[in-house]
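> model the following, please.
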Amino acid sequence: MKITAVKPIIVDEFGSNRLFVKVYTDEGLTGLGEGTLASRCQSIAAAITENEAYLLQRDPRDIEGVWQMLYRRPRWRGGPILNSAISAIDMALWDILGKSVGLPIYRLLGGACRDRVRVSTGVGGASPEAAAENALELVAAGYTCMKAGPYPLPGGADRGQPYYPGEMMLDPHQLVRHSVAKVKAIREAVGDDVDIQFDCHGMFTPVMAVELAQRMEAYRPMFLEEATQPEDLDTLAWLGARTTTPLATGERLFTKWGFADLLARHLVSYAQPDVAHCGGISEMKKIATLAESRFIDVAPHHGNAEVTTLASLHVDACTPNCVIQERPIPSTLAAELFSTIVQIKDGYAELPSSPGLGIDLDERVAAKHPFVAEYEITGRARLAWADGSIADP
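Just a heads-up that it's a prediction; the model follows:
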């Protein structure tokens, strides 16, 4: 079996550009992968196209060899663009391998170590009261864990101002108060037996993060996610020494090398690799094994489409230290775009049963929803402090 073509596909999934890849073979089997990254889909598509020269006439089942070639042979490594491209291709190759032997991918990774995968999803709400109402709806739908965050921010959408396209000014004290009030309201609404995760999005300065983490302790969040920036692990260590709130990070870390020091130093309670960015199925499994060796749990990040959902579930199924999987609620377009929509029952997803990934993309539907340039600008909030300096979204 040989690879004959590699095709990046960008789809407007009702408000966000999604980046997929299809790998074609001379035996008619195709593989599907995803490398969606907000505001960078065209860059990743270009990287995938450039990688095609390395892939043509290669056996798609030589997944480890292909991964090593894509990562090492071009010499320049790392970062979100190159690793998201590799991640998408890696998924597609595993999809082809699974289809070629008639087995779901997790069977090829060692088989299942659990019967189902616990799932969390986002709880929105412009105000603490709205967040609490949304949380109760998720509990009624069967969820036992939900992720909150500072968005929409106080002073912006909460007060009727347009969220996009202009910059939004942040007030440090108000941002911390708003975040704590939101988690407090959710906890009081759902009780003690539902887990709450809080995603800081790297928006808080270290001093703000300490205040936030300490004030959150009373409401027992499962973890604070990305409370510090990924560039400096010492900042994360400094925060961890000043709070009992569990910490998590990993969506902006890539490959096993990007996670090695984080895990060796036990700086987090939960590692959060994202299969669409960290290096794909191959690398996410290795990262999870590194975490397992340090008795650190894995709670994989996911902010993309259903292809990432399926890829994540295959790794989760055979990963002993995976405790929960993030999964955004699919858009209304998803049922037309994909052959499979993962169903959540009592807060869990069943293990995939179809060969390969167990999902396909309808290219005819995709063609009706092409790339939208404006999302590359509005894909992230443009935040600033009161003096006009740039804040992290």
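> what does stretch 36-49 contact?
In this structure, residues lying in contact with stretch 36-49 by Cβ atoms under 8 Å, 6 or more residues apart in numbering are 6, 8, 10, 16-21, 35, 80-82, 84-85, 88-89, 276-277, 303-305, 308, 371, 375-377, 379-380. Heads up, the C-betas are built off the backbone N, CA and C, glycines and all.
> tell me how far that stretch is from the chain's mean position?
The chain centroid and the centroid of stretch 36-49 are separated by 16 Å, computed with Cα atoms, centre = their mean, to the nearest Å.
> got the contact list for the closest residue to Asp192 other than its chain neighbours?
In space, and not counting its chain neighbours, Asp192 is closest to Arg220: 7.7 Å by Cβ to Cβ, 6 or more residues apart in numbering. Residues touching Arg220, when contacts are defined by Cβ under 8 Å, 6+ apart, comprise 187, 192, 196.
> quick one: pLDDT of Arg220?
According to the per-residue confidence, Arg220 scores 98 in pLDDT.
> from Lys147, how far out is it?
For Arg220, the distance to Lys147 under the criterion Cβ to Cβ, to the nearest Å works out to 15 Å.
> got it, and Glu27?
As judged by Cβ to Cβ, Glu27 and Lys147 stand 41 Å apart.
> these two: who's more crowded?
Relative neighbour count places Lys147 above the other of Glu27 and Lys147, with 22 against 12, counting by other Cβ atoms under 10 Å.
> for the residue nearest to Asp192, grab phi and psi.
Torsion angles at Arg220 (phi, psi; degrees, to the nearest 10) stand at phi 50, psi 60.
> got a markdown table for the contacts of Arg220, with neighbour count and pLDDT too?
Supplementary listing: the contacts of Arg220 in a markdown table, determined by neighbours: other Cβ atoms under 10 Å; pLDDT from 0 to 100:
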| residue | neighbour count | pLDDT |
| --- | --- | --- |
| Arg187 | 19 | 98 |
| Asp192 | 8 | 97 |
| Ile196 | 23 | 98 |
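> Throw those residues into JSON lines and include secondary structure and distance to Leu313, thanks.
Listed next are the contacts of Arg220 as JSON lines, based on DSSP: H, G, I helix; E, B strand; the rest coil; distance: Cβ to Cβ, whole Å:
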{"residue": "Arg187", "secondary structure": "helix", "distance to Leu313": "28"}
{"residue": "Asp192", "secondary structure": "coil", "distance to Leu313": "28"}
{"residue": "Ile196", "secondary structure": "strand", "distance to Leu313": "23"}
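> contact partners for the spatially most central residue of the chain?
When the chain is reduced to its mean C-alpha position, the nearest residue by Cα atoms, centre = their mean turns out to be His302, at 2.2 Å. If you count contacts by Cβ under 8 Å, 6+ apart, His302 has them with 274-276, 308-309, 312, 325-328.
> okay, it and Glu27: tell me how far apart.
From His302 across to Glu27, the span is 31 Å (Cβ to Cβ).
> now do Gly388
58 Å.
> hang on, Ala38 in a helix?
No - according to DSSP: H, G, I helix; E, B strand; the rest coil, the state of Ala38 is coil, so it is not within a helix.
> distance of it from Asn83?
Counting by Cβ to Cβ - Ala38 and Asn83 are separated by 15 Å.
> neighbour count: those two, which is higher?
Neighbours of Ala38 and Asn83, each counted by other Cβ under 10 Å, are more numerous for Asn83; the result is 29 against 15.
> pretty sure the more buried one contacts Arg252?
No - in terms of Cβ atoms under 8 Å, Asn83 does not count as a neighbour of Arg252; the distance is 10.4 Å.
> walk me through the domains of this protein.
Each structural domain of the chain that the record assigns through automatic domain parsing is listed here as a residue range: 3-103, 107-356.
> can you lay out the ones you listed as a markdown table showing distance to Val365?
Rendered in a markdown table, the data for these read as follows (distance: least, Cβ to Cβ, whole Å):
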| stretch | distance to Val365 |
| --- | --- |
| domain 3-103 | 8 |
| domain 107-356 | 5 |
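> now do the helices in the stretch 151-300 of the chain.
Counting by DSSP state H, counting those that start in this stretch, the stretch 151-300 of the chain has these helices, from start to end: 172-190, 206-216, 233-240, 255-264, 280-293.
> looking at those, which is nearest to Leu103?
Comparing the helices of the stretch 151-300 of the chain by their distance to Leu103 (Cβ to Cβ), the top pick is helix 280-293, with 13.9 Å.
> quick one: list the elements packing against the closest one.
helix 63-72, helix 79-101, helix 255-264, strand 270-271, strand 297-298, helix 306-317 (3 or more Cβ pairs under 8 Å, 6 or more residues apart in numbering; DSSP states H and E).
> how about Trp385, phi and psi?
When quoted as degrees, to the nearest 10, the phi and psi of Trp385 stand at phi -80, psi 170.
> before I go, just wanted to say thanks for your time.
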